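K.L.:
sequence below, structure please.
(one chain, ligands or ions: 1)
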Amino acid sequence: MEINWDLLRSEATKIMKSAYAPYSKFPVGVAALVNDGRIVTGCNVENASYGLGLCAECGLVSSLISSGGGRLVAAVCVDGQGNYLAPCGRCRQLLFEHGGPQMKLMTDTGIQEMSAILPWAFGPEDLDRNER
Ligand code: THU
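P.N.:
Residues are numbered from 1 along each chain as shown. Next comes the predicted model:
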């Protein structure tokens, strides 16, 4: 599947401008290509109760599921200047759940796979190793 990285970056930058980040003043935007061709996006949404803030990737995953689901093929995460941003640890886990080890992420050093971004990850298959 062809990945239009320029489009993902511009969609991430566009949604970043909608971020609600009055406390950190650090807006984040993320855009991802889904395996059916659509693009889903998210921005961070903070809260006066600081610890409750939602990362941009949370919004993206919510949008993915509420718009029909699917698998994430590739993602771009940007900061307030539109530069590539390393997703936080929790968000790596969120992306891994829906993209798996092969999902691609654009970074300052080029395209990386989730298997490198989140090595030795805990994922859905690990749950199947035990009877439930
Ligand atoms: N943030 C994200 O939205 N995603 C990340 O992967 C890194 C951090 C947000 C959380 C908070 O609103 C702001 O960036 C500063 O940490």
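K.L.:
look up the closest residue to the residue nearest the centre of the chain, ignoring the ones flanking it.
P.N.:
Ranked by distance to the mean C-alpha position of the chain (Cα atoms, centre = their mean), the top residue is residue 57 at 4.0 Å. Excluding the flanking residues, the one nearest residue 57 by Cβ to Cβ, 6 or more residues apart in numbering is residue 91, at 3.7 Å. All C-beta spots, glycine's among them, are computed from the backbone N, C-alpha and C.
K.L.:
three-state assignment of the one you found?
P.N.:
helix (DSSP: H, G, I helix; E, B strand; the rest coil).
K.L.:
that one against residue 58, yeah?
P.N.:
Yes: using Cβ atoms under 8 Å, residue 91 makes contact with residue 58 at a distance of 7.4 Å.
K.L.:
more neighbours: those two, which one.
P.N.:
Between residue 91 and residue 58, counting by other Cβ atoms under 10 Å, residue 91 is the more crowded of the two (24 against 18).
K.L.:
got a list of what the more buried one touches?
P.N.:
Residue 91 makes contact with 55-58, 77, according to Cβ atoms under 8 Å, 6 or more residues apart in numbering.
K.L.:
looking at those residues, which is nearest residue 124?
P.N.:
Minimum distance to residue 124 across the contacts of residue 91 is 17.4 Å, recorded for residue 57 (Cβ to Cβ).
K.L.:
so that closest one is in contact with residue 97, correct?
P.N.:
No: applying Cβ under 8 Å as the test, residue 57 and residue 97 come out as separate, 10.5 Å apart.
K.L.:
have a look at the chain and report the helix or strand with the lowest mean pLDDT.
P.N.:
helix 124-127 (a mean of 93; mean pLDDT, DSSP states H and E).
K.L.:
got a pLDDT number for the residue nearest to residue 57?
P.N.:
Looking at residue 91, its pLDDT stands at 98.
K.L.:
and it, how far is that from residue 68?
P.N.:
Counting by Cβ to Cβ, to the nearest Å, the gap from residue 91 to residue 68 is 21 Å.
K.L.:
over to residue 84?
P.N.:
Counting by Cβ to Cβ, the gap from residue 84 to residue 68 is 27 Å.
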